[in-house]
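Trainee: Make a model of this:
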Amino acid sequence: MDAVPITLGQEFSGYARQIEAGIERVRATLPRLGELAIGGTAVGTGLNAPESFGVKVVSVLVAQTGLSELRTAANSFEAQAARDGLVEASGRCAPSRCR
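Mentor: Sure thing, here's the model as predicted:
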């Protein structure tokens, strides 16, 4: 015998856990998705932006969206050159798409 009977509840508990795990994976990426390349101007120096421009824009965005994860990038050069947070989020959603 290669399988044993399971209840419908047991089967759906497996589906529920898959959804929970997917949500956990996506939430784990939020800190990196919230890092915004605002105020670094075209190349990351911030040379042509007013003082504290990025911080002020992020404050407005947080107030209007309620997304407390938003913040200015730790390094504007990296934030403008790479979209690693988006790549990570996409990768973390991949297991859910396969089901």
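Trainee: going forward, measure contacts and count neighbours with C-alpha atoms only.
Mentor: OK.
Trainee: contacting residues around residue 3?
Mentor: By CA atoms under 8 Å, 6 or more residues apart in numbering, the contact list for residue 3 is empty.
Trainee: and it, what element?
Mentor: Secondary structure from DSSP states H and E places residue 3 outside every helix and strand.
Trainee: The helix or strand encompassing residue 31: what's the following helix or strand?
Mentor: Element membership of residue 31, judged by DSSP H and E, is helix 8-33. Following helix 8-33 in sequence order, the next helix or strand is strand 35-36 (DSSP H and E).
Trainee: What strands line up against that next one, and which way round?
Mentor: In the sheet, strand 35-36 lines up against strand 71-72 (parallel) (DSSP bridges).
Trainee: any residues touching the partner strand, and which ones?
Mentor: 34-39, 54-55, 58.
Trainee: Now the lowest-mean-pLDDT helix or strand in the chain: buried residues?
Mentor: Taking mean pLDDT, DSSP states H and E as the measure, the chain has helix 84-97 as its least confident helix or strand, at a mean of 80. Residues of helix 84-97 classed as buried by neighbour count (16 or more other CA atoms under 10 Å): 85, 88-89, 92.
Trainee: Could you export those as a markdown table, including distance to residue 27?
Mentor: Converted to a markdown table, the buried residues of helix 84-97 look like this (distance: CA to CA, whole Å):
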| residue | distance to residue 27 |
| --- | --- |
| 85 | 12 |
| 88 | 11 |
| 89 | 9 |
| 92 | 10 |
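Trainee: Return the member of those nearest to residue 62.
Mentor: residue 85 (18.5 Å; CA to CA).
Trainee: got a list of what the closest one touches?
Mentor: Taking CA under 8 Å, 6+ apart, we find residue 85 in contact with 29, 32-33.
Trainee: Stretch 64-72: end-to-end distance?
Mentor: 16 Å (CA to CA, to the nearest Å).
Trainee: May I ask which two of the buried residues of helix 84-97 are separated the most?
Mentor: 85 and 92 (10.5 Å).
Trainee: Residue 41 in helix, strand or coil?
Mentor: Assigned with DSSP: H, G, I helix; E, B strand; the rest coil, residue 41 falls in the coil class.
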